[in-house]
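Engineer: What shape does this take:
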Amino acid sequence: MSTTIVSQAVKTSRGVERLVVGQATSDGAGVKLTRVLTQDLQRRLDPFLMLDAFGSDKPDDYIAGFPDHPHRGFETVTYMIAGRMRHRDSAGHEGLLENGGVQWMTAGKGVIHSEIPQQEEGVMEGFQLWLNLPARDKMNTPWYRDFKNKNLPQFVTDAGVAVTVIAGTSHGVTGAVTRDATEPLYLDLHLRAGGRFAQSLAPDHNAFVYVYRGQVEIVGKVVPPQRMAILKNDPDADGVVIEAGSDAKVLLLAGKPLNEAIAQYGPFVMNTQQEIHQALNDFREGRLGEIA
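Structural biologist: Numbering: from 1, shown residues only. From the prediction side, this is the model:
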């Protein structure tokens, strides 16, 4: 996708507060993955609730996928680097997620969905992000969009950095999805050796970087592969500058914190325990529907 970009200068870059090593786990019907953003970081990285990274060329690690399961109160963003996975849900949505594509689902008041691999061999790799909804939107009608890679806004900077804008705005390019309440920024950056990328960030937004290929430096701090760098909330910084000594691929995410109570029980994220109990009851009583 060809587009005009606006040069973005950052005078003072945020530094790295700390590096986080993800936790190996499994979910769904035994899919092996790494939980990068864990529940204990939800307050620090508000409005983001979770980030899972999955990647394997062993079918037994992913083949069973994620059979029918419920969600309420937040959004899921699945970004597929390699492989094919089909989404179906109780709101009547269906889509095939393929290489470089994104599926964005707003669970809202509740939905049952499944994500099942459409391959029996080869590499399956990608990420799933959970983005919180403000209290006023948690019981909204479920929403779903499926974006093929060619339909995602993309550009290349003068320094040769290839950027895919999944959400938010970067260098004057607006992403596939925008959200007023949380103002999420979600970028996939491919940097060549010696590459440098600058992105402005609102001072009050929480932000982090996840390196999934190679390594990068942020204000002199090396961020190795498979590490999340939580960026400092520095009121004097106006953005972040990411530099790569060798080829690297990273996710850059930022968002406006909701500063609301978080009550989570598995796939339900609300504001109070009473709302969690209601979600569980609605699920058990079949009020979240079923996949046709």
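
Engineer: Break down this structure into its helices, ranges please.
Structural biologist: For the chain, applying DSSP state H gives helices covering 273-284.

Engineer: Identify, among the helices and strands of it, the element with the weakest mean pLDDT.
Structural biologist: strand 23-27 (a mean of 88; mean pLDDT, DSSP states H and E).

Engineer: What residues of that strand count as buried?
Structural biologist: Applying a neighbour-count criterion of 16 or more other Cβ atoms under 10 Å, strand 23-27 contains no buried positions. Quick note: C-beta positions are derived from backbone N, CA and C, even for glycine.

Engineer: pLDDT score for the residue most central in space within the chain?
Structural biologist: With distances taken as Cα atoms, centre = their mean, the residue of the chain nearest its centroid is L129 (3.2 Å). If you check L129, the pLDDT there is 98.

Engineer: give me the beta-bridge partners of the residue nearest to it when sequence neighbours are not counted?
Structural biologist: Nearest residue to L129, sequence neighbours excluded (Cβ to Cβ, 6 or more residues apart in numbering): V77, at 4.3 Å. For V77, the beta-bridge partners are W104, L129 (DSSP bridges).

Engineer: circling back to that earlier point, now the least confident helix or strand of the chain, how far from the centre of its chain.
Structural biologist: Distance, stretch centre to chain centre, for strand 23-27: 17 Å (Cα atoms, centre = their mean, to the nearest Å).

Engineer: Also stretch 266-279?
Structural biologist: Distance, centroid of stretch 266-279 to centroid of chain: 22 Å (Cα atoms, centre = their mean).

Engineer: if we can go back for a sec, how near is the residue nearest to the centre of the chain to L251?
Structural biologist: Relative to L251, L129 is positioned 9 Å away (criterion: Cβ to Cβ, to the nearest Å).

Engineer: hey, what's in contact with both of these two?
Structural biologist: Counting by Cβ atoms under 8 Å, 6 or more residues apart in numbering, the common neighbours of L129 and L251 are Y186.

Engineer: next one: stretch 130-145 to chain centre, how far?
Structural biologist: Distance, centroid of stretch 130-145 to centroid of chain: 15 Å (Cα atoms, centre = their mean).

Engineer: Tell me who's in contact with Q128.
Structural biologist: Q128 touches M50, L51, D52, F54, T76, V77, T78, Y79, counting by Cβ under 8 Å, 6+ apart.

Engineer: Next up, the contacts around the fourth one.
Structural biologist: For F54, the contact set (Cβ under 8 Å, 6+ apart) comprises V31, K32, L33, T34, Y62, M124, E125, G126, F127, Q128.

Engineer: Show me the beta-bridge partners of it.
Structural biologist: So, taking DSSP bridges as the rule, F54 has G126 as bridge partners.

Engineer: Give me the pLDDT for it.
Structural biologist: Note on F54: pLDDT of 93.

Engineer: got it, and the last one?
Structural biologist: With respect to pLDDT, Y79 scores 97.

Engineer: ditto for M1
Structural biologist: 43.

Engineer: Please apply the same query to Y62.
Structural biologist: Residue-level confidence at Y62 comes out at 86, pLDDT.

Engineer: do you know how far the closest residue to it other than its chain neighbours is from I5?
Structural biologist: Among residues not flanking Y62 along the chain, M124 sits closest, at 4.7 Å (Cβ to Cβ, 6+ apart). Going from M124 to I5 by Cβ to Cβ gives 32 Å.

Engineer: I'm done for today, thanks for sticking with me.
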